[in-house]
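Novice: Sequence and predicted structure below; questions after.
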Amino acid sequence: MHGTTALLIELGGVILALGLVGRLAGVIGLSPIPLYLLAGLAFGHGGLMPLYASEGFVAAGAEIGVILLLLMLGLEYSASDLVTSLRTQYPSGLVDLVLNATPGAVAALLLGWGPVGAVALAGVTWISSSGVIAKVLTDLGRLGNRETPVILGLLVIEDLSMALYLPLLTALVAGVGLAGGGVALAVALGTVGLVLYVALRHGRLISRAVSSDDPEMLLLVVLGTTVLVAGLAQRLQVSAAVGAFLVGIALSGEVAEGVRRLFSPLRDLFAAVFFVFFGLSTDPTAIPPVLLPALLLAAATAMTKIATGWYAARRAGIGRRGRLRTGGALVARGEFSVVIAGLAAATEPRIGPLATAYVLILVIAGPLAARWAGSGRRPGPRPRRRPLGRLLRRRDRPPGADGDPRGRSPSASAAANP
């Protein structure tokens, strides 16, 4: 009974603290992720108020948080969105990989972390935060801007790349070697290809099978399916996060909209728990020694992300200001960087403190860079907000569908800059 009482008191205190720091983040106009990480550092071993009774429960909640984060991310994209982005923006995706993964890999080798640490830190520096960037674009009223489909296309490619990268990293961390990593990569490629094919050809049937007019039944069926698929994916060393992401891709239409409405509060709660748990697993005293390398790495990869955005926007025929806005919007790192560091922490414990400091720096600097890059924006009517998935699908419509000979919507035409 005493253990249960301590568990409830600790959980209540943690959740209340998360609510308060989340409200504070909203007041100051920043993402709550850095505050969640700081809360985790405060509640972890070596922090101000260490948790003991609830640590196991928080760890399980963190696993659910990763699964829900990736499920909701998958719901933002349809299979046709992914195929279109791969077909039109793969050169920009390759530039993104080379420019942003290389600094992380080189830094890990210079720090003496070995090949596995290099692969892990390359992923940490490569992937931008889709959640933070989507919120920033919405808050700044840029969803109708001409460069926004370029930004979202790059994020789609990065997120889909994680379906291949995470299984490979999981295999390397498990010590199975190059042969085992090749098998894991082949299984991941086959799984992603199969899911995309089924989603393109039979997505309506899948959505109809899980659809329900009763919100309770829809919640239970989708949550159960997602956790089951994530567990099977973990057993196959494809990564639970990838399994959840693929479930999200397979759902479409009204079912996807209903799932988004039902799961958003759950996602927010367990995602907060996930970031807190990552902070819990990091010793605060280990951060000061890696703060300088994290600052240098953050500065270098902020510049490489801006260069990536400049290149991708130039390919789309966008002017200087639009190119700067594209690069500035891509600077933020967040959820995937933390997921990758969490996977690799068992093999290279030093990656946790470095990744924590790195994410803290860029999750704050990213929104500021996005605002700074848009400081030269000419005044005009505020674009109408649209769901990100619907905005991505607009690129498949023929030019002039909305009355603009260049194929842009009226709001995009008004908001776009040369």
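Specialist: Nice, I can see it. Numbers count the residues shown, from 1 in each chain.
Novice: Going by neighbour count, which residues of the longest helix along the chain are buried?
Specialist: Longest helix in the chain, counting residues (DSSP state H): helix 177-210. For helix 177-210, burial by neighbour count (16 or more other Cβ atoms under 10 Å) applies to 181, 184-185, 187-188, 191-192, 195-196, 198-199, 203, 206-207, 210. From N, CA and C alone the C-beta is placed, and that goes for glycine too.
Novice: And for stretch 265-277?
Specialist: Neighbour-count burial for stretch 265-277 [16+ other Cβ under 10 Å]: 266-277.
Novice: what is the rounded mean pLDDT of it?
Specialist: For stretch 265-277, mean pLDDT rounds to 82.
Novice: ok, and what's touching it?
Specialist: Stretch 265-277 is contacted from outside by 14-15, 18, 22, 32-33, 36-37, 39-40, 43, 58-59, 61-62, 64-66, 68-69, 71-72, 335, 338, using Cβ atoms under 8 Å, 6 or more residues apart in numbering.
Novice: let's go with 6 Å and repeat that
Specialist: By Cβ atoms under 6 Å, 6 or more residues apart in numbering, the surrounding residues in contact with stretch 265-277 are 18, 33, 36-37, 39-40, 58-59, 61-62, 64-66, 68-69, 72.
Novice: ok, of those, which one's closest to residue 321?
Specialist: residue 33 (27.7 Å; Cβ to Cβ).
Novice: Find me the pLDDT at that closest one, would you?
Specialist: On pLDDT, residue 33 comes in at 79.
Novice: ok, now residue 109?
Specialist: Predicted confidence (pLDDT) for residue 109: 93.
Novice: Could I get the contacting residues of it?
Specialist: Here residue 109 is in contact with residue 118 (Cβ under 6 Å, 6+ apart).
Novice: Name the SS class of it, please.
Specialist: On the three-state scheme (DSSP: H, G, I helix; E, B strand; the rest coil), residue 109 is labelled helix.
Novice: What distance do you get for the nearest residue to residue 316 once chain neighbours are set aside to residue 160?
Specialist: Nearest residue to residue 316, sequence neighbours excluded (Cβ to Cβ, 6 or more residues apart in numbering): residue 150, at 5.1 Å. For residue 150, the distance to residue 160 (Cβ to Cβ, to the nearest Å) stands at 16 Å.
Novice: what does residue 373 give?
Specialist: 25 Å.
Novice: related to what we said a few turns ago, comparing residue 150 and residue 160, which residue is more hemmed in?
Specialist: Ranked by neighbour count (other Cβ atoms under 10 Å), residue 150 and residue 160 place residue 150 first, with 27 against 24.
Novice: Any idea how far the helix or strand where that one lies is from the middle of the chain?
Specialist: Here residue 150, judged by DSSP states H and E, is contained in helix 148-173. Here helix 148-173 is found 9 Å from its chain centre; the criterion is Cα atoms, centre = their mean, to the nearest Å.
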